[in-house]
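Participant: Quick one, fold the following:
(4 chains)
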Amino acid sequence: METDPVVQLVDVVAVLDRFPALAGATLTVQRGEIVLLRGPNGAGKTTLLRLCAGLLPPTRGSAIVLGLDLSVHRQAVRSRVGLLGHSNGLYTDLTVSENVSFWGATVGASSDEIAAALDRMGLAARLSGVPVRKLSAGQRRRTALACLIARRAELWLLDEPHAGLDVAGRDELDTVLRAARAAGATMIVASHELDRAGALATRMVDVAGGQVRSAT
Amino acid sequence: MTASTTQETVRRPTGTPLTRALGIATLIGLAWFVAFGLFLSPDDVVQKKGVRILYLHVPSAWLAYLAFIVTAISSAAYLSKRTRSLTWDRLAGASAEVGVLFMGITLLTGSLWGRISWGVYWVWDSRVTTTAFLFVTYLGYLAVRGLGGTHHQRARRSAVVALLSVLEIPLVHFSVEWWRPLHQQESIANGKLSGLMLFSLFVGVIVFTLMYVWLVLHRQRLLAMQDALDDHGLEFAIAERREEAVF
Amino acid sequence: MNSLEVTRLVAVKDLRIELRSRVLINQVLPFAAIVMVLFAFALDNDGILDRVAPGLIWLATLFSMLVVVQRSFAVEAGDGALDALRTAGVPAQGIYFGKAIALGLQLMVLEILLFGAAFVLYNSRIAAAAGIGLLITSALAASCGLGLVGTLYGGLTTGTKGRESLLPLLLLPVVAPVLIGATRATEAALGVGGISMREGWAWVALLVTYALLFGIGGSVAFGPLVDDGA
Amino acid sequence: MEIRFVVISYIATFGGIGVLVAVMLRRARALAQRLPPEDRPWT
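Facilitator: Below you'll find the model as predicted:
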């Protein structure tokens, strides 16, 4: 089984403005796994995801994502992972399809690929010409996911994907994530929604005090 | 390390025998310099007592420029991979702080001297204007140093800003020079100063340079202590953070 | 993904956002216009306005530019798009030049309005036919320089708490050469201030040098300044 | 007037430097209380 690790963190310390948000985190994620991070607020889940996305360097320890060392090749890692954080990273004045096209174009995606990404998130028809500003929270989240698909992200890092969505929006999101899982996506999901995200995950880990333990 | 020496180093935390010798030499030099500048040297024929301000003005200006050159060089040294060390960053910061202080003194003494010799505090002469821009630019640099982040984030960001300022200085200088080509006559170059006056100026430059070295050494060590304290805080914070984990 | 492609992409994206949100047209241009009117009140003196018009035009450009730069990066920081751009692994040079081009174009629109305002309010006139070429070239060169410098320092002051107030402190001293150069060149074109046409072109050369130097410096410095994680 | 300006210059210059030195040394002493000696490799 230990053939294709996508994420390998060993004793990683990561510092945010003097605060050690990660204090010796160790985690391995294999390709095709969907790992659920659970833990209280401030446990270090967001920092763990941002570290894996190449947004901040490991202060200590070894962090390897997609076979690349994060203390050296963060730029290369960034173009291959997709982070969906608390904010969606969308340009609210642009339309759905303009957003997806923009992010797709950063990796040179063809118009077919972009159409396919919109289609997979159910955004192809009515919504594609609507400015993001006018969308509901759930539709924005779907647009952001479509951007990840268009960007051909190999590893999805989802930070509280259900937060701020109503029940219909959550159901929508679950459908979409299940489809992605079926398509073989690798994901790390931080969530408080254990019943929803738990059903989706192939494995759960606990995060606390900037460290990671396998859930029992 | 015995208790008494620890006491000693706490009392003089950033001092060493070398800096102490330097400090004493500076103090003696300063006393001498003030005696010459204020009392022993004669009044100038044209500038009268105003010339005594020059003894402060010229050395401070020289030091401010020296300080900014040191900042630029240490910033470049930090950015170069071979010599990457936070010591360079701290040297750059310490030198810039001292430079800003001396540049402030330069502007102040310059305008007082100008009031005496030209009757106005400020002229839009190219040298004065460039100096004022430089002063504001390095205030900006110090503000960038205070933006926070880890030590290396601070170091990289401020080193880049310091080098951009180096890019900016000649552009500002040339444009201002071109804009106001009128020069006030240089007081030193036109040979009106007597031997004793020149000597006072010379003493001033030497003493101020010694003072600069002393100030930068101490300030740099103070910054190192600050950083070390942050690092200790980090060790402590990591341990504390690990305690938080209840699985 | 090469930098050139990213440059085009980012520039088009920024301009499209501007066209949709109309912040420049609805907020910045009226602001610049009111500054011009206020200058007229403050300097209400026969013949003075006519003579200082070039300086006022460029001063108003600089102040409005601060707003445009902040807006240019607020668009990125608002919904975490700057993080998204970072995670996209897009070359920093591409982002830099793309945003600089968009900023420069917006500044040119602003300058056209300000020249129009000076024409109407201050009764400014172009001295000779040759003045038109000088005016256009100097405005182009100045916009390039301002766009490049504005993007550079705008990037540095984006993001975390309370950095926005640093922008004027860092930016205004740096753009002083543009203010001087563009004002002299405009004076030459408008035939005020006793500057010859030839001298005006020399100032344009300064503006071009400025844009080139900061273009090179900025393309190296922008990445490390914007990307904090190191 | 000249004398006054000369005196102001000297007081401002050495006063300014003096204040910086005083602040620096006081701060250094405060920090030294909280740091082990090995963090001061120059001593």
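
Participant: chain center to stretch A:48-64, what's the gap?
Facilitator: Centroid separation between stretch A:48-64 and its chain, computed with C-alpha atoms, centre = their mean, to the nearest Å, is 14 Å.

Participant: same check, this time on stretch A:124-134
Facilitator: So, by C-alpha atoms, centre = their mean, the centroid of stretch A:124-134 is 23 Å from its chain's centroid.

Participant: Could I get the average pLDDT for it?
Facilitator: The average pLDDT within stretch A:124-134 is 87.

Participant: Tell me the span between the first and last residue of that stretch.
Facilitator: Criterion C-alpha to C-alpha, to the nearest Å; first-to-last residue distance in stretch A:124-134 is 16 Å.

Participant: just so I have it, where are all the strands in chain A?
Facilitator: A:5-16, A:19-30, A:34-38, A:60-65, A:68-69, A:81-84, A:155-159, A:186-190, A:203-208, A:211-214 (DSSP state E).

Participant: pLDDT score assigned to the closest residue to residue A:70 other than its chain neighbours?
Facilitator: Excluding the flanking residues, the one nearest residue A:70 by C-beta to C-beta, 6 or more residues apart in numbering or on different chains is residue A:63, at 4.0 Å. For every residue, glycine as well, the C-beta is placed using N, CA and C. Turning to residue A:63, the model gives it a pLDDT of 92.

Participant: Residue A:63 and chain C: what is the separation?
Facilitator: With the distance defined as C-beta to the nearest C-beta, to the nearest Å, residue A:63 ends up 12 Å from chain C.

Participant: So out of everything in chain C, what residue is nearest chain D?
Facilitator: Using C-beta to the nearest C-beta, the single residue of chain C nearest to chain D is residue C:169, 21.7 Å away.

Participant: picking that back up, any idea which of the strands of chain A is most buried?
Facilitator: strand A:81-84 (a mean of 27; mean count of other C-beta atoms under 10 Å in any protein chain shown).

Participant: Which strands or helices does that strand pack on?
Facilitator: Strand A:81-84 sits against helix A:45-52, helix A:137-150, strand A:155-159, helix C:81-87, with contacts defined as 3 or more C-beta pairs under 8 Å, 6 or more residues apart in numbering or on different chains; DSSP states H and E.

Participant: Any idea which of the ones you listed gets closest to residue D:38?
Facilitator: helix A:45-52 (30.9 Å; C-beta to C-beta).

Participant: Check what pLDDT residue B:223 gets.
Facilitator: 93.

Participant: just the one 4 residues further on next, same as before
Facilitator: The pLDDT attached to residue B:227 in the predicted structure is 91.

Participant: Quick check: it touching residue B:151?
Facilitator: Yes - counting by C-beta atoms under 8 Å, residue B:227 touches residue B:151, with 5.6 Å between them.

Participant: which residues of the chain score low on pLDDT?
Facilitator: Let's take chain A. A:1-3, A:215-216 (pLDDT under 70).

Participant: could you do chain D instead?
Facilitator: In chain D (pLDDT under 70), the answer is D:1, D:43.

Participant: Closest approach to chain A from it, which residue is it?
Facilitator: Closest point on chain D to chain A, by C-beta to the nearest C-beta, is residue D:34, at 15.6 Å.

Participant: and the gap between the residue nearest to that residue when sequence neighbours are not counted and residue B:151?
Facilitator: Distances taken as C-beta to C-beta, 6+ apart place residue B:229 nearest to residue D:34, at 6.3 Å, with adjacent residues excluded. Residue B:229 is 12 Å from residue B:151, where distance means C-beta to C-beta, to the nearest Å.

Participant: Also residue A:80?
Facilitator: 29 Å.

Participant: Residue C:221 now?
Facilitator: 20 Å.

Participant: give me the element the residue of chain C closest to chain D is part of.
Facilitator: helix C:166-174 (DSSP states H and E).

Participant: Packing partners of that helix?
Facilitator: helix B:126-145, helix B:151-179, helix C:48-78, helix C:129-156.

Participant: dump the residue contacts of residue 209.
Facilitator: I went with chain A, as the question did not name one. By C-beta atoms under 8 Å, 6 or more residues apart in numbering or on different chains, the contact set of residue A:209 is A:23, A:43, A:44, B:241, B:242, B:243, B:244, B:245, B:246.

Participant: that's the wrong chain, I meant chain B
Facilitator: Counting by C-beta under 8 Å, 6+ apart, residue B:209 has contacts B:59, B:62, B:63, B:66.
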